[in-house]
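In: predicted model and sequence below, questions to follow.
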Amino acid sequence: MKQLKKMNPRDNVAVALRPIAAGETLELDGITVTAAEDITQGHKIALTDLAPGQLVTKYGYPIGHTTAAISQGAWVHTHNIRTNLAGEEEYEYKPELHPVTYPKRNLTFNGYRRKNGKAGIRNDLYIIPTVGCVNGIAEQMLAEFRQLHPDLGTFDNVTVLKHPYGCSQLGDDHRMTRSILLDAVTHPNAGGVLVFGLGCENNIVSEFRSSLGEYDQERVKFLVAQEVGDEVEAGLALLEDLYEAAKNDKREPIPLSELNVGLKCGGSDGFSGITANPLLGAFSDFLISQGGTTVLTEVPEMFGAERMLMARAESQEVYEQIVSLINDFKHYFLSYGEPVYENPSPGNKAGGISTLEDKSLGCTQKAGSAPVVDVLKYSEKLRKKGLSLLEAPGNDLVASSALAAADCQLVLFTTGRGTPFGSFVPTVKVATNNELFSKKGHWMDFNAGPLLEKPMQEVLEDFISFVIEVASGRQTRNEENEVRELAIFKTGVTL
């Protein structure tokens, strides 16, 4: 097995691919390096002597500067480097479009064709509370429905999209709650939806229904608890109507070009930018080459790598949208008196990520090399084929929910530390390393660890096949574990 990984010829640090003991002699690109101290797997080692204040380079770009002299072979981490990022920056549109394309293969997945023409990869039944007050009753309703239909029949999953909001909210918070819930109602994975309200909330059902616009009345039903005697009995009757409407639904071949895939990472480690994130980047390029769509979010984890994304804007208009995306999120941080660059997390640091630039340069590799064709505001749905950026924070649940709400039928989620969560759409957990996949196989779906030994194209082919299997009905770990969640972004006051 290789000992060290240099991400770019310009780098002056390398990543330890296994634990390195003090005194070990290592060879890399004709350079001999003796480890000055023990270095944990996934962490960085200096390839040359670095002076105080010198730029530390990884992925070919600075990830910070030294805060003290660092000798060749020494451990390079948070104790001796610091971010170069400080505040708002000036940008200029300098296009650099070098997309990687793959031959067209006319692949298909077996999905569900909806009446509005969209394609779903699941036939799910959603109970969507308009307000958190009825979450418990919705769960009771779901439990009784499961007793009546223990095998779920035509439905792949039945989920209550629980959340704590829908009342005592103002302005953007109220708008965002309503918009995300409306997005869920019209999601192509939904074979049936029961919208369930209390009756006195400000996200009131009558207004919610008016905001929905045109919808399939056989597949979307509404219930207000305060307007009926036994709300569970009334709800079960509506769920039975939805069951009848969907009972003859069948999968059919659908072009891969109709697949919308969200790209997300969480619990990243030093291997994230070496294995799993580049794998998602290669898959993104492949899917876009087939006419499909991918979406990158986590705006705070674009900070430090945003110029690379701006250079990939397909037009001046898209470039300006990316600038607004970045600056608006910085203003959000600053409006609360919080530092813009309070990142990475303790888990990231333990895994070998030292600065936000280090994290962001690894994070953005999930988006491959395709041009950025559109920028979506939070809760907006996809408009264009290709690579879009989506406004959302780095928080795993909030960002994954935003990807799902944008009409991504599944989310690809890379992690080096591991996480059991899942969004309300299938959430494919991709391990960055073999150890995680072995230890947490009941959480993880795919192992990108073999990329340390195998060529990208070989692992990519396996991954393409796996994603098509998931899109055709293969359950993800979060589905098997009955972990499907919704989280909504909140920025304002609560009454």
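Out: Received it, and whenever you're ready, just let me know what you need. Residues are numbered from 1 along each chain as shown.
In: which helices and strands sit right next to the helix or strand harbouring F329?
Out: Mapping F329 onto the secondary structure by DSSP states H and E places it in helix 316-335. Under the contact definition 3 or more C-beta pairs under 8 Å, 6 or more residues apart in numbering; DSSP states H and E, helix 316-335 sits against helix 306-311, strand 372-376. Using the backbone N, CA and C atoms, a C-beta is placed for each residue, glycine as well.
In: where along the stretch 251-400 of the chain do the strands fall?
Out: 252-255, 260-265, 293-296, 372-376, 386-390 (DSSP state E, counting those that start in this stretch).
In: state the mean pLDDT of the longest strand belonging to the chain.
Out: Among the elements of type strand in the chain, defined by DSSP state E, the one spanning the most residues is strand 190-197. Throughout strand 190-197, pLDDT has a mean value of 98.
In: chain center to it, what's the gap?
Out: Average the C-alpha atoms of strand 190-197, do the same for its chain, and the two points are 24 Å apart (C-alpha atoms, centre = their mean, to the nearest Å).
In: quick one: contacts of the helix or strand that contains A184?
Out: Applying DSSP H and E as the criterion places A184 in helix 171-185. Counting by C-beta atoms under 8 Å, 6 or more residues apart in numbering, the neighbours of helix 171-185 from elsewhere in the structure are 126, 128, 130, 161, 163, 165-166, 169, 190, 193, 195, 202-203, 208, 211-212, 215, 220, 378-379, 381, 401-402, 404-407, 424, 486, 488-494.
In: now do 6 Å
Out: Counting contacts by C-beta atoms under 6 Å, 6 or more residues apart in numbering, the residues outside helix 171-185 that touch it are 128, 161, 165-166, 193, 203, 212, 379, 405, 488-492.
In: relative to strand 190-197, how tilted is that helix?
Out: Note on geometry: by axes from the mean of the first three to the mean of the last three C-alpha atoms, to 10 degrees, helix 171-185 and strand 190-197 are set 140 degrees apart in direction.
In: what is the mean pLDDT for helix 171-185?
Out: Averaged across helix 171-185, the pLDDT comes to 97.
In: buried residues in that helix?
Out: Residues of helix 171-185 classed as buried under the neighbour-count rule (16 or more other C-beta atoms under 10 Å) are D173, H174, M176, T177, R178, S179, I180, L181, L182, D183, A184, V185.
In: distance of the third one relative to S379?
Out: Distance of M176 to S379, computed by C-beta to C-beta, to the nearest Å: 6 Å.
In: please apply the same query to the second one.
Out: Distance of H174 to S379, computed by C-beta to C-beta: 12 Å.
In: could you measure from E357 over to K6?
Out: E357 sits 17 Å away from K6, going by C-beta to C-beta.
In: so what's the most centrally placed residue in the chain bridging to?
Out: In the chain, the centroid-proximal residue (C-alpha atoms, centre = their mean) is K264; its distance is 2.3 Å. In this structure, K264 has beta-bridge partners F413, where bridges are defined by DSSP bridges.
In: going forward, the N-terminal residue is numbered 25.
Out: That works, and once the first residue is 25, the last one we named lands at K288.
In: tell me who's in contact with it.
Out: K288 sits next to A423, S424, V435, F437 when contact means C-beta under 6 Å, 6+ apart.
In: export the helix or strand hosting S425 as PDB, just CAs?
Out: Using DSSP H and E, S425 sits within helix 420-429. Included here for helix 420-429 are C-alpha records, laid out as PDB according to Å, rounded to 0.1, in the frame of the first residue of the first chain:
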ATOM      1  CA  ASP A 420     -26.200  17.700   7.100                       C
ATOM      2  CA  LEU A 421     -29.900  17.400   7.700                       C
ATOM      3  CA  VAL A 422     -30.800  20.900   6.500                       C
ATOM      4  CA  ALA A 423     -28.700  20.700   3.400                       C
ATOM      5  CA  SER A 424     -29.800  17.200   2.400                       C
ATOM      6  CA  SER A 425     -33.400  18.200   2.900                       C
ATOM      7  CA  ALA A 426     -32.900  21.200   0.700                       C
ATOM      8  CA  LEU A 427     -31.400  19.000  -2.000                       C
ATOM      9  CA  ALA A 428     -34.400  16.700  -1.800                       C
ATOM     10  CA  ALA A 429     -36.800  19.600  -1.900                       C
END
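In: just so I have it, where are all the helices in the stretch 125-274 of the chain?
Out: Chain-ordered helices for the stretch 125-274 of the chain, with DSSP state H, counting those that start in this stretch as the definition, fall at 159-172, 195-209, 229-236, 255-270.
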